[in-house]
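>>> Pasted the sequence and its predicted model underneath.
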Amino acid sequence: AGASLGAALAATLARQRPAALVLTAPGDWRVLQALRAVARDQGLPLDLREDRHFYTTVREFAAFARGRKGLRLEHWYRHLRRRFGVLMRPDGEPEGERWNFDADNRAAFGPEGPGPLPAPPRFAPDAITQQVLALVRTRLAGHPGALDDFAWPVTRAQALQALDAFVRERLPLFGRYQDALWVGEPWLYHSQLSAALNLKLLDPREVVAAAEAAWRAGQVPLAGAEGFIRQILGWREYVRGIYWTRMPGYAELNGLDATLPLPAWFWTGQTPMACLRDALHQTLRWGYAHHIQRLMVIGLYAQLLGVRPQEVHRWFLAVYVDAVEWVELPNTLGMSQHADGGVMASKPYIASGQYLQRQGAPCAGCAFDPRQRSGPRACPYTTLYWDFLLRHQDWLAGHPRLGMQVRHLARLDETERTALQAQARALRAQGEQEAQEVPA
């Protein structure tokens, strides 16, 4: 935490008495403010250096955004593709004559599921890691989560092995199935490289170069390579720019006026909703969930229920191995909860249980039916989705991307509207009763 790190720095300065401080820019606003305060209190000049584990600087992002009414990912992404010559032809046009192949990367698994999957790279904890695990067991025994399956890369050599394994074994099908779900399969074709990137064990340039080289060698389709590269070169640089140019006020935004506390079962996974239970259990066991689980299973439910976005943010920051605030906060408040009023995403990402069913959620074994909006077997996602449309219909009716969904409200008669809204109120009341503060 920023305060404890600042105290440790102050103690070191008192002993060493240096002439100045040289600091690589941290990824957390609180840490930067704490260290600046120490330097100021000690009367020392602070030489803040750029973090070179990114393609760009925050100043470059700010200059690019200046004067624009809004800055979407696509504008920034194309700028970076051109600047760094990634997936570009000699004539300056994008490979495949398209910048974005997202439309080709939305397949779901068939009823038989994903079939045999490559084993994820796992690394036995070394001596230092074992010492840390023992310390956590001793001091944080009562906290949510588990340690028994910890096997993430913790060295540069291990991170390079993980990168090589992903490019060879998963990247060929990553793009096609990047939005797919399947119960009991946490890894599917996802890279699992974000923690290594955020810990500086991998440089984003080498990750992007490996993906592009695999495409040029004919080992992966262009759509898959582009979709993955967009996450690293585009999205990762974009969310960092949003974070640092809009903090500290960004952290307190609440554009949808969501006020409910976080239900306690987010910390246990004990919910009858099968898709949410699977994603939460996986998160608590591995410290990991892929992006569609975070956005369209866990985050979607919190948004539809109306949980205060700052509580959702603190939960995400607490449970994932790759959760550094500069990347987690914009993804949660902006992309997932639409709390920033559209700074990052042009629309709230909302859907009913039927969307999750199409993507492979375990609806067949669930207590709820995603097709039902109200009644004892109604899927809470579906109930809350329609209630969300009703609660926000005046705003959404004029939205260029959601107007059609609002017009579907016409199919509800007054009796069903009343029943649906009453069931949504009951779900929110139950969530309030099950609320729990973030563990200390």
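Received it, and whenever you're ready, just let me know what you need. Fair warning: this is a prediction, and the values are worked out from it, not measured in the lab.
>>> got a list of contacts for stretch 176-188?
104-109, 113-114, 117, 120, 189-190, 221, 223-224, 227, 274-275, 278, 282, 286, 288-293, 296-297, 356, 359-362, 365 (Cβ atoms under 8 Å, 6 or more residues apart in numbering). For glycine as for every other residue, the C-beta is placed from the backbone atoms N, C-alpha and C.
>>> where do the helices sit along the stretch 101-250 of the chain?
127-139, 156-169, 171-174, 194-198, 204-216, 222-229, 237-246 (DSSP state H, counting those that start in this stretch).
>>> Just put those helices in a markdown table and tack on mean neighbour count.
Listed next are the helices of the stretch 101-250 of the chain as a markdown table, based on neighbours: other Cβ atoms under 10 Å:
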| stretch | mean neighbour count |
| --- | --- |
| helix 127-139 | 11 |
| helix 156-169 | 18 |
| helix 171-174 | 21 |
| helix 194-198 | 21 |
| helix 204-216 | 19 |
| helix 222-229 | 25 |
| helix 237-246 | 22 |
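>>> Out of those helices, the one nearest residue 343 is which?
Among the helices of the stretch 101-250 of the chain, helix 237-246 comes nearest to residue 343, with 6.7 Å by Cβ to Cβ.
>>> State the mean pLDDT of that closest one.
The average pLDDT within helix 237-246 is 96.
>>> Show the buried residues in the contacts of stretch 176-188.
Among the contacts of stretch 176-188, those buried by neighbour count (16 or more other Cβ atoms under 10 Å) are 104-105, 108-109, 114, 120, 189-190, 221, 223-224, 227, 274-275, 278, 282, 286, 288-293, 296-297, 356, 359-362.
>>> From the residues you listed, which land in strands?
Of the buried ones among the contacts of stretch 176-188, none are assigned to strands by DSSP state E.
>>> for the helices of the stretch 101-250 of the chain, which one sits closest to residue 98?
helix 222-229 (8.1 Å).
>>> picking up where we left off before, dump the helices of the stretch 101-250 of the chain to TSV, plus distance to residue 57.
Shown next, in TSV, are the helices of the stretch 101-250 of the chain (distance: least, Cβ to Cβ, whole Å):
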stretch	distance to residue 57
helix 127-139	32
helix 156-169	24
helix 171-174	28
helix 194-198	17
helix 204-216	14
helix 222-229	20
helix 237-246	9
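>>> Residue 411 is nearest to which of those?
Among the helices of the stretch 101-250 of the chain, the nearest to residue 411 by Cβ to Cβ is helix 222-229 (34.7 Å).
>>> How many residues are close by the residue lying closest to residue 242 once chain neighbours are set aside?
In this structure, residue 242 finds its nearest non-sequential neighbour in residue 330, 4.7 Å apart by Cβ to Cβ, 6 or more residues apart in numbering. Other residues lying near residue 330 total 27 when counted by other Cβ atoms under 10 Å.
>>> Nearest the geometric middle of this structure, what residue?
With distances taken as Cα atoms, centre = their mean, the residue of the chain nearest its centroid is residue 331 (5.0 Å).
>>> if I pick residue 237, what's in contact with it?
Residue 237 makes contacts with 54, 55, 56, 61, 76, 80, as judged by Cβ under 8 Å, 6+ apart.
>>> Just give me the longest helix of this protein.
As assigned by DSSP state H, the longest helix anywhere in the chain is helix 414-433.
>>> picking up where we left off before, wait, which of the contacts of residue 237 is closest to residue 351?
Nearest to residue 351 among the contacts of residue 237, with distances taken as Cβ to Cβ, is residue 76, at 26.0 Å.
>>> ok, the closest one to residue 392 distance?
The gap separating residue 76 from residue 392 is 28 Å, by Cβ to Cβ, to the nearest Å.
>>> Tally up the residues packed near the residue lying closest to residue 337 once chain neighbours are set aside, please.
Distances taken as Cβ to Cβ, 6+ apart put residue 309 closest to residue 337, at 4.2 Å, once the chain neighbours are dropped. A count of nearby residues for residue 309, using other Cβ under 10 Å, gives 27.
>>> Contact partners for residue 309?
For residue 309, the contact set (Cβ under 8 Å, 6+ apart) comprises 253, 254, 256, 258, 332, 333, 337, 339.
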